[in-house]
Structures are given as C-alpha cells and as structure tokens.
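In: Output the structure for:
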Amino acid sequence: QVQLVESGGGLVQAGGSLRLSCSASGSIFSINAMGWYRQAPGKQRELVATITSGGRTNYADSVKGRFTISTISRDNGKNMVYLQMNNLKPEDTAVYYCNVEVGVLYRSFWGQGTQVTVSS
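Out: Alright, predicted model coming up:
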C-alpha cells in the first residue's frame, strides 16, 4: 500500500499564492506519474496538473498561464510532489488531492485531500 499526505492548503485572498505538498510513503518501488486533482462542491474531480518520472508536465486548460510558472514539481529522492499556485481565483476553491501511479501496473493511489479556499 501507498500512503499520501497532502499539506499546504488554506484560506487565501484572490490574487494570492499557495504551495501544496504531497509526501508518498509505504510500499513504493517506483513512482510513475504524480499529480494534483481538485474537486469543488457539487462538481466532479478534475485534473489540475501531472508530472511524469522524467519531468514531463501536463496542465489543465483552466490553470494554464496561472499555475504553469514554477508550478508542479517533484523530488524523486523524497517521493514528494509540489504544486505552486499563483494568482488564485475564487473558482480555484476546492479540495485538492494528490495522486500517484506506482509500479509496472500503474496502480493509482489518492491522498485524503487538502482544502483550498480563495476569497474574493
């Protein structure tokens, strides 16, 4: 099993920044993609950004241009992934979840989520 623990969420004013962190532990032999997803009240969970083991990144259209400067990054030695969020908007308010894909079967694991609230 793999355990994921997110941190860094909180309340911020519009235009502000937050940095989310996610630490992976447990039966980890190789982590493939790591990513961040979010779920706003009444909406489905959606992709925010992902990063492969080789450092290739992918961002949702809704965050491109705002989150794409020094945004998703990972530390393979520490099994951690980060999400730097800049110029936050009220519509970014959601629970943010860390996700990793592990091993040759690309098993997917989720964290418990961290709340991000952006006030106008």
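In: And the residue nearest the centre of the chain?
Out: The chain has Trp36 as the residue nearest its centroid, 2.5 Å off, counting by Cα atoms, centre = their mean.
In: you'd agree that one is up against Val48?
Out: Yes - between Trp36 and Val48 a contact is recorded at 4.3 Å, counting by Cβ atoms under 8 Å. Yep, even glycine has a C-beta here, placed from its N, CA and C like the rest.
In: Can you check which residues contact both of the two?
Out: Common contacts of Trp36 and Val48 (Cβ atoms under 8 Å, 6 or more residues apart in numbering): 83, 96.
In: thinking again about what came up before, so the residue nearest to the centre of the chain bridges to which residues?
Out: Trp36 has these beta-bridge partners by DSSP bridges: Ala49, Cys98.
In: OK, contacts around it?
Out: 20, 22, 48-50, 72, 81, 83, 96-99 are the contacts of Trp36 under Cβ under 8 Å, 6+ apart.
In: Now do it against Ser23, distance only.
Out: Using Cβ to Cβ, to the nearest Å, one obtains 14 Å as the distance from Trp36 to Ser23.
In: Kindly report the same for Val102.
Out: Counting by Cβ to Cβ, the gap from Val102 to Ser23 is 14 Å.
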